[in-house]
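K.L.:
How does the following fold in three dimensions:
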Amino acid sequence: MIPFGILTCVSAFLVPLVSSQFITPLTQRQQFRVGEVQKIQYRTKLTNYTIAIWQQQLAGGSANLGPVVFRTTDGPETEFDWQVQLYSFDLAVSNVFFFWLKEGGLENLGSVEVEAMSSAYFNITDEPLPSSSPSIPSTSTSPPSSTTASASSTITSLSTTSSGEHQKGTTSSTPAPSELENSGLNLPVAAQAGIGVGVSIVGLTAIVCGILWFRYVRKQQRMLLELQQQQRVYSQPLDDVEMLKSQTPPLPPPPPFRYHSNATGRSTPVELG
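P.N.:
Predicted coordinates:
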């Protein structure tokens with residue numbers, strides 16, 4: 001089980017990333033039409049930052065920096081209205097774009113060392129609205145002039161409804177083949193330059209957890225080695241005593257006692273006088 005300290009460090013690292021993110025554009029590759037006004041929404045705790053538009057290069061796997069579409073020095077803000085336009089971008093190169101928020105002023109637009117977050121990819125098109133006004137047959141017995149006015153009113157209502165739905169930014173349920181090809185080519189790009197927030201979270205979390213876990217294992221190994229050395233020191237004197245006992249030879253037996261006497265076994269007489 002991972003110690004509580006590791007979980008605390010990882011949580012403290014991930015919370016700022018989750019609290020800063022774009023809400024719109026949506027993650028389903030939303031399509032914007034030139035001339036529309038879109039409300040861009042996001043969350044951030046930064047107070048001084050810029051938001052620039054970038055064009056994704058489908059062939060080379062890189063992105064081109066565009067102009068700044070929003071800037072503030074006394075935030076945080078949560079949304080702004082953006083009029084869709086191409087600036088100097090060429091849709092023949094790519095129709096895939098994204099917003100990139102970076103801390104600080106214009107000098108940090110190309111820096112990767114400041115706090116930043118990017119939006120989901122979205123498409124821009126300059127094609128006019130498709131005609132969605134079907135011909136309505138007249139079955140009324142009223143005069144032709146009245147029928148024509150009614151049909152004209154119905155067509156105008158349908159056009160207004162179609163235009164209103166499009167300006168709300170709803171996405172098409174059947175994307176064009178070009179969009180499907182773009183999405184397929186765009187998959188490897190999410191791992192470049194920290195654009196994908198999800199990829200950054202997973203990668204940085206894995207690195208932090210790996211470093212902390214490696215330090216934890218090294219510490220446990222060091223404690224185990226010290227414990228083994230202490231046990232070896234405590235058992236060493238007993239081993240030395242046993243070794244000395246085994247190497248000490250036994251004491252030799254005492255020499256035999258000798259009794260001196262003559263050959264006949266009698267003692268020498270002593271004269272008295």
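K.L.:
Just want the phi and psi numbers for residue 225.
P.N.:
Dihedral angles phi and psi of residue 225 (degrees, to the nearest 10) take the values phi -70, psi -40.
K.L.:
so what's it up against?
P.N.:
Taking Cβ atoms under 8 Å, 6 or more residues apart in numbering, we find residue 225 in contact with no residue. To be clear about C-beta, it is placed using only N, CA and C from the backbone, and glycine gets the same treatment.
K.L.:
Would you check how far apart it and residue 215 are?
P.N.:
Taken as Cβ to Cβ, to the nearest Å, the spacing of residue 225 relative to residue 215 amounts to 16 Å.
K.L.:
what residue ranges in the stretch 101-250 of the chain score low on pLDDT?
P.N.:
For the stretch 101-250 of the chain, the stretches with pLDDT under 70 are 132-200, 231-250.
K.L.:
May I see the buried residues of stretch 208-225?
P.N.:
209, 212 (16 or more other Cβ atoms under 10 Å).
K.L.:
can I see the domain layout of the chain?
P.N.:
Structural domains of the chain, as assigned by automatic domain parsing, span the residue ranges 20-128, 196-243.
K.L.:
Convert stretch 96-116 to CSV, retaining C-alpha atoms only.
P.N.:
Output in CSV follows, covering the C-alpha atoms of stretch 96-116 (Å, rounded to 0.1, in the frame of the first residue of the first chain):
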residue,chain,number,x,y,z
VAL,A,96,-7.8,22.5,-36.7
PHE,A,97,-7.2,25.1,-34.0
PHE,A,98,-7.0,25.4,-30.2
PHE,A,99,-6.6,28.2,-27.5
TRP,A,100,-3.6,28.3,-25.2
LEU,A,101,-3.7,30.2,-22.0
LYS,A,102,-0.3,31.3,-20.5
GLU,A,103,0.6,33.1,-17.4
GLY,A,104,2.1,36.6,-17.8
GLY,A,105,2.2,39.0,-20.8
LEU,A,106,3.1,38.8,-24.4
GLU,A,107,6.7,37.9,-23.6
ASN,A,108,5.6,34.5,-22.4
LEU,A,109,3.7,33.3,-25.5
GLY,A,110,6.5,31.1,-26.6
SER,A,111,7.7,30.0,-23.2
VAL,A,112,7.2,26.5,-21.8
GLU,A,113,8.3,27.3,-18.3
VAL,A,114,5.3,29.3,-17.2
GLU,A,115,1.9,27.9,-16.0
ALA,A,116,-0.4,27.2,-18.9
